[in-house]
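Visitor: what follows is a predicted protein model with its sequence.
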Amino acid sequence: MEIRRILYMLRQPPYATGHAVEALESILVAGVFDQQVSVLFRDDGVWQLLKGQNGGALGVRTIGNVAQALPEYEVKDIYVCAESLAQRGLVVDDLVLTAKVLSQREQLTLISAQHAVVND
Amino acid sequence: MSSATDKEGYLTNLNDWSEPVAEEIARAEGIELSEAHWALIRLVRQFYAEFEVSPAMRPLVKRAREKLGPEKGNSLYLLKLFPGSPAKVLAKIAGLPRPTNCL
Amino acid sequence: MSTLHVINKANALPACLSVAGAHDALLLIEDGVYAGTTARSPQRPLYALAADVDARGLNERLGPSVTVISDAEFVQLAVDHQPIVSWR
Amino acid sequence: MIYGLARMIFGIAVHGAPYGSQASASALRFAEAAVAAGHSLHRVFFYHDGVNTANGLMVPPQDDPSPQQGWVTLAERHGIELAVCIAAALKRGLVNEEERNRYGLNAASLHPAFSIVGLGQLIDAIGSSDRFVTFAA
């Protein structure tokens, strides 16, 4: 298996479906398989990173906590869409982890450099 | 065993975990818990409390290196204390869910 | 190499367009084909998958900038582009 | 459109359930077209609700077939691995004989043409393919 550039693009909000947590689990595995993994949170996917979540209120895992495990699994290239944040009245200080904020043009560059893009 | 476990020895209800339960599970795995074991059990329980994920081998080694130093933060040391598959065995004894990331 | 964007919900098209490059190709499939009835001619190629267009009765309702393609042509688009990004 | 002679290795992921979405059916048509064009496909990875494609206890109406049979036929004919993510499968009640025994369940539900694999196999499918296509929910 070759080392590939793989981008996970997460666009779905947490909790209503199991997609967010399953997508994050998939990224954690990719991280320990020595691939060049990056993650882009955009559209409603940025809600996954909001501080102050409490999945326990629904009896489920807190997605923000799982997302914070990304750097522990060697996933260091974490990006968030500037416009998606702005549209939702969010700033980087509202997020549970340090992510690089990308413009649309920067996202285009990021996407076009990938071997594969996986969505949630 | 005083607490329900599945066929592989993972706790059915994670709230049943206690230190005596950990000792029971460990004994079933053929492990007598020493202070060295407990340091790692506390470490993975802390990891789970933070991230709600049972650590896979890589992040486990990384965590152990950061918190316990390089002589303990390596896979040989972990294998010696928790033979076979350290991430799985540790999760079992520490009362965490089976690591889904394995296999 | 340019990217192939595969859109399977009509309301995912704006998000896709916000990061699509000038030479990227856009393919509407499943409920994404409804976007082909209103999409204004973009700078880049816009395709729609024949089976999905046909099933929904949209053959006469797609805009002039939309090219209807077969499954085999979808495969060829995937060969000609990388990466392939799915939008829902 | 120009038809190139390039022969490629494709990887496919299916994320949506049959009947709940078109994902599995769309992916199947793509896979059939890819193979017909001379490309190869080693593994299809079923994830999220896509794992339900592998349910061996389905009874589809005669006039509304599940894509499952199409996958089974394609896989047998071309030696394609139909891989179901274990983590996603177990929680949705999709188990083979081995997992049925492990958890002491009443019945195995996985169609025998599908195999249960770890998430690492998704990474492997991406790493060993020229083109990777996800069919979203």
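Guide: Ah, there it is.

Visitor: so who does residue A:94 touch?
Guide: Contacts for residue A:94 (C-beta atoms under 8 Å, 6 or more residues apart in numbering or on different chains) come out as A:50, A:51. In this view, the C-beta of every residue, glycine as well, is placed from N, C-alpha and C.

Visitor: contacting residues for residue 88?
Guide: I'll assume chain A. Residue A:88 touches A:46, A:47, counting by C-beta under 8 Å, 6+ apart.

Visitor: meant chain D, my bad for not saying
Guide: A:22, D:46, D:47, D:48, D:50, D:51.

Visitor: which of those has the largest number of neighbours?
Guide: Counting neighbours by other C-beta atoms under 10 Å in any protein chain shown, the top entry in the contacts of residue D:88 is residue D:46, with 30 neighbours.

Visitor: let me know the pLDDT of that one.
Guide: Here, the pLDDT recorded for residue D:46 equals 98.

Visitor: next up, the contacts around it.
Guide: D:13, D:14, D:24, D:53, D:54, D:82, D:83, D:84, D:85, D:88, D:114.

Visitor: next, count neighbours for the residue lying closest to the fifth one once chain neighbours are set aside.
Guide: Spatial nearest neighbour of residue D:54, chain neighbours left out: residue D:114 (3.8 Å); criterion: C-beta to C-beta, 6 or more residues apart in numbering or on different chains. Counted with other C-beta under 10 Å, the burial measure for residue D:114 works out to 25 neighbours.

Visitor: what's near enough to touch residue D:114?
Guide: Neighbour list for residue D:114: D:46, D:53, D:54, D:82, D:83, D:84 [criterion: C-beta under 8 Å, 6+ apart].

Visitor: distance of the third one from residue D:125?
Guide: Same thing as residue D:54. 16 Å (C-beta to C-beta, to the nearest Å).

Visitor: neighbour count winner among the two?
Guide: residue D:54 (29 against 25).

Visitor: tell me the contacts of the more buried one?
Guide: Applying C-beta under 8 Å, 6+ apart to residue D:54 gives the contacts D:46, D:68, D:82, D:84, D:89, D:94, D:110, D:111, D:114.

Visitor: checking my notes, residue C:48 in a helix, right?
Guide: No. Assigned with DSSP: H, G, I helix; E, B strand; the rest coil, residue C:48 falls outside any helix and is strand.

Visitor: could you list the low-pLDDT ranges of chain C?
Guide: For chain C, applying pLDDT under 70 flags the ranges C:40-42.

Visitor: try 80 this time
Guide: C:39-43 (pLDDT under 80).

Visitor: cool, and chain D?
Guide: D:1-5.

Visitor: spell out which parts of it neighbour chain B.
Guide: Proximity of chain D to chain B (C-beta under 8 Å from any C-beta of the partner chain) is limited to residues D:86, D:87, D:101, D:102, D:103, D:104, D:117, D:118, D:119, D:120.

Visitor: what's the neighbour count on the first one?
Guide: Taking other C-beta under 10 Å as the criterion, the count of residues near residue D:86 is 22.

Visitor: phi, psi of the closest residue to it other than its chain neighbours?
Guide: Closest residue in space to residue D:86, ignoring its immediate chain neighbours: residue D:116 at 4.9 Å, by C-beta to C-beta, 6+ apart. Main-chain dihedrals, residue D:116, degrees, to the nearest 10: phi -90, psi 130.

Visitor: what residues are up against residue 33?
Guide: Reading this off chain A. By C-beta under 8 Å, 6+ apart, residue A:33 lies in contact with D:120, D:123, D:124, D:127.

Visitor: actually chain D
Guide: By C-beta under 8 Å, 6+ apart, the contact set of residue D:33 is C:70, C:71, C:72, C:74, C:75.

Visitor: ok, 7 Å please
Guide: Applying C-beta atoms under 7 Å, 6 or more residues apart in numbering or on different chains to residue D:33 gives the contacts C:71, C:72, C:74, C:75.

Visitor: now chain B against chain A: closest residue?
Guide: residue B:51 (3.8 Å; C-beta to the nearest C-beta).

Visitor: and that residue, how far is that from residue B:60?
Guide: Residue B:51 is 12 Å from residue B:60, by C-beta to C-beta.

Visitor: number of nearby residues for the residue nearest to residue B:17 when sequence neighbours are not counted?
Guide: Leaving aside its sequence neighbours, residue B:17 sits nearest to residue B:95 (C-beta to C-beta, 6+ apart; 2.9 Å). Residue B:95 is flanked by 23 other residues according to other C-beta under 10 Å.

Visitor: tell me the confidence at the residue nearest in space to the middle of chain B?
Guide: For chain B, residue B:90 is the residue whose C-alpha lies nearest the centre (C-alpha atoms, centre = their mean; 1.7 Å). Reported pLDDT at residue B:90 in the predicted model: 97.

Visitor: does it touch residue B:84 like I think?
Guide: No. Residue B:90 is beyond contact range of residue B:84, at 10.6 Å (criterion: C-beta atoms under 7 Å).
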